[in-house]
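S.K.: what would the 3D arrangement of this be:
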Amino acid sequence: MNVKTQSPAAAPASPDNASAIEDQPESFMSFLWFLAKLLFAVLLFRSFVFSPFSIPSESMLPRLWNGDYLLAAKWSYGYSDYSLPFSAPLIPGRIFASEPERGDVVIFKHPVDETDYIKRVIAVPGDTVAMIDGQIMLNGELVPREPMAEFEIPISVNTGCAWGGDEATNADGEAVCRYTRFRETLPGGPSYDVLDFGNRPSDSYPPKIIPEGHFFVLGDNRDNSRDSRFEARSGDAVGIVPQENLVGEAAVIMFSTDGSAEWAKPWTWFTAARWSRIGTGL
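M.R.: Numbers count the residues shown, from 1 in each chain. This is a model prediction of the structure:
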């Protein structure tokens with residue numbers, strides 16, 4: 001049996017339907033309020049928990065490469081205006097302050113131009129630091145430094161072969177740059193690799209006592225780093241860094257790229273990634 005169907009005539013709007021129509025503006029405002037709360041939560045997270053930073057140079061080779069993106073722990077040394085977006089002047093002084101330890105990889109504001117820099121802490125308040133032919137002397141004792149196998153890094157858009165390196169081809173046929181590498185061990189045990197290419201004027205530094213509230217930093221790529229060995233200048237060396245300029249402690253590499261990705265070629269977003277570096281702790 002065939003049953004005919006008939007479309008019902010449009011019914012007048014019920015009170016419930018009218019209510020739904022009237023609620024639309026309120027729903028849009030609720031969505032905006034949700035976005036505002038989400039933005040506030042993100043700002044809190046970036047200000048007080050973790051914040052992302054990128055590595056734009058090779059001054060921290062071999063540990064950090066140009067094209068690395070890392071997360072910095074914001075709680076390690078306390079909080080100040082520099083912890084907040086745009087360095088908003090909302091925190092008096094530094095709260096929950098603690099000093100960095102020798103060997104920490106720290107992010108701080110440049111003492112002159114307030115841009116973000118990243119270096120390794122070598123000396124803390126009260127330490128006497130000097131350098132003799134590229135070797136650190138800390139409180140009258142030479143910091144042990146042992147030769148290591150050469151450091152090898154693939155040549156890419158983000159990483160060339162700077163002064164002191166030798167271009168070569170590895171077993172896979174890739175163009176690489178090889179650098180002389182050493183292992184340095186600070187008092188108390190922190191150990192890390194550094195690059196050094198021979199005696200340079202910056203390899204000698206007269207003894208200096210680090211004043212209270214300051215710390216002495218070096219780049220791991222010793223001959224390609226403008227650090228505490230030089231007077232602080234805008235866009236250049238950082239000098240002796242005030243503790244109040246600390247932003248956070250480098251924690252983990254969350255992404256790394258060799259710079260070869262192109263927006264118009266989505267597959268290069270994956271081929272450019274340095275997958276083996278992602279998730280590496282610092």
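
S.K.: how near is Leu61 to Glu174?
M.R.: For Leu61, the distance to Glu174 equals 17 Å [CB to CB, to the nearest Å]. Placement of C-beta: from N, CA and C, glycine included.

S.K.: higher neighbour count, these two?
M.R.: Leu61 (27 against 12; other CB atoms under 10 Å).

S.K.: the more buried one contacts Arg222, correct?
M.R.: No. If you go by CB atoms under 8 Å, Leu61 and Arg222 don't touch, sitting 10.0 Å apart.

S.K.: surely Pro125 is in contact with Val241?
M.R.: No. Taking contacts as CB under 8 Å, Pro125 lies outside contact range of Val241: 11.5 Å.

S.K.: what about the two, which has more around it?
M.R.: Between Pro125 and Val241, Val241 has the larger neighbour count (other CB under 10 Å), namely 25 against 14.

S.K.: distance of the more buried one relative to Gly140?
M.R.: For Val241, the distance to Gly140 - CB to CB - is 23 Å.

S.K.: swap in Asp193?
M.R.: For Asp193 relative to Gly140 (CB to CB), the value is 25 Å.

S.K.: so which of those two has more stuff around it?
M.R.: Counted by other CB under 10 Å, Asp193 and Gly140 do not tie: Asp193 has more neighbours, with 15 against 8.

S.K.: OK, contacts around that one?
M.R.: Counting by CB atoms under 8 Å, 6 or more residues apart in numbering, Asp193 makes contact with Pro62, Arg63, Met148, Phe151, Arg181, Phe182, Arg183, Glu184, Asp220.

S.K.: sec struct for it, please.
M.R.: strand (DSSP: H, G, I helix; E, B strand; the rest coil).

S.K.: pretty sure Pro89 sits against Asp81.
M.R.: Yes. Using CB under 8 Å, Pro89 is in contact with Asp81, at 5.2 Å.
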